[in-house]
Every structure is written in C-alpha cells, then in structure tokens.
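Visitor: 3D, please:
(chains A and B)
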Amino acid sequence: GESVGLHLPTLSVQEGDNSIINCAYSNSASDYFIWYKQESGKGPQFIIDIRSNMDKRQGQRVTVLLNKTVKHLSLQIAATQPGDSAVYFCAETFSGNTPLVFGKGTRLSVIA
Amino acid sequence: KAGVTQTPRYLIKTRGQQVTLSCSPISGHRSVSWYQQTPGQGLQFLFEYFSETQRNKGNFPGRFSGRQFSNSRSEMNVSTLELGDSALYLCASSPGPRGGTDTQYFGPGTRLTVL
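Guide: Prediction:
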C-alpha cells in the first residue's frame, strides 16, 4: 500500500481500549477543524468536524475536543477496533474561502 | 453515488518529462482541490477550482498547473519533472464554493514516481 509517512508519531492501543490522538494547530484565526483517516492505499476519509464556536462534538464512537486557548485538537475513539488502524490527520481552515491546512498525521496501530 | 476517481493510479516518469493527472469529482460537486502528499512534507495544498475558475493556489512553482472543465472534471499538469515531484497526488471534491469549510471527499490518489 501507499506509505503516507515514514516517521509519523505512532500510537499503539489494545483492541477495545479508547484512543486519543492529539493535534496542535497553527493558526489562531482558524475556525473550522476536521479529522481525516487515511488507510493504506486510499485517500483521506472524513471522520468528524468541529467549528470554533464549539468545544466538543460527538459522532459514532468518535469525539473531537477543541481547546482554542492552547490551539489544541484531539480525537477520541471509543472501543478501538482493528479497522481503526490508519493514519489520522487533523486539518484547519479559516472560513472565507481558504484551503485546508493539514497536520503531519499520527499512525494508530491497534493490537488485536 | 460514485466517489472521486483519479486516473491513472500509478505513473512512472523520468526527469524533464511532463505529466497530466485527471480527477472526476462526485456527481454534482463543483469544487475540486488538489494536494500533494509526501512522507517529508505531508499533505500540501496545490490548488482549488470552482466553476472552471482557480480560487486558491498553494505555494508551488509554476511548473504545477491545473484546470477545470465545464463538467467539473479537473486535470493537473506538472512540467519539467524533478525527482522531488515524486509523491501521491490527491484530488478532493466538495459540493460548493466555500473553500475548506465544505466537506471534501478525497479520491484514492495518483502515485507519481520520477526517475
């Protein structure tokens, strides 16, 4: 499959445990944030997004937390499954027609 | 509904050649963005098109260009290829003109290798 990053930070978790993936974003003016998941050989897949007027948003088994004070974003995955193994990217943008800026990514490895 | 398709999936070129990559967005989507993904630099924005107009351009040299057709399909071209252009080129489509704040759906990418 495609190698998306040879030196990405890696998080290894046991199947069934919860995972927390962190991201520090760069632009204090950013007001829209997205988490993407990229599996080997595939393009990034949208997971969940959050706007800056919120500090928490929940999806199915995923929660995104936003701390604007320290410019920090996290993705929590509940009951991690082998299918969650992938590289996870955060992305930020400022509404008003600016492109997405992606973080470097974190590789999540689920141990069965 | 079919997803974003990119052709070709794999491409091998030599330095100095040029290459054209193609992207067909999700039906009904009018915005197409292109990204370059490398192990060292990660995902970097190349350009965005909406209704055949380039709306944003990333910090890449003029050798990188693109266009969008009236049916929203897009192509990007890289001329005078360099070894450092080896990368996965990703295309993403979104419904409307709101730049990054519209959810973008990515294709599988074109893996370009420059020898």
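Visitor: Per-residue pLDDT of the spatially most central residue of chain B, please?
Guide: Residue closest to the average C-alpha location in chain B (Cα atoms, centre = their mean): B:Trp34, at 3.1 Å. Per-residue pLDDT puts B:Trp34 at 97.
Visitor: Close to chain A: what parts of chain B are there?
Guide: In this structure, chain B approaches chain A at residues B:4, B:33, B:35, B:37, B:39, B:42-45, B:48, B:55-56, B:58, B:88, B:90, B:92, B:97-101, B:103-109, B:111, judged by Cβ under 8 Å from any Cβ of the partner chain. In this view, the C-beta of every residue, glycine as well, is placed from N, C-alpha and C.
Visitor: List only those of the residues you listed flagged as buried.
Guide: Listed as buried from the residues of chain B next to chain A are B:4, B:33, B:35, B:37, B:42-45, B:48, B:55-56, B:58, B:88, B:90, B:92, B:98-101, B:104-109, B:111; burial here means 16 or more other Cβ atoms under 10 Å in any protein chain shown.
Visitor: Please list the members of those that lie in strands.
Guide: Assigned to strands by DSSP state E, the following of those qualify: B:33, B:35, B:37, B:42-45, B:48, B:55-56, B:88, B:90, B:92, B:105-106, B:111.
Visitor: The residues you listed: which two are farthest apart?
Guide: Greatest spatial distance in those: B:Arg55 and B:Arg111, 26.5 Å, computed using Cβ to Cβ.
Visitor: re earlier: wait, the residue nearest to the centre of chain B touches B:Gly66, no?
Guide: Yes - if you go by Cβ atoms under 8 Å, B:Trp34 and B:Gly66 touch, sitting 6.1 Å apart.
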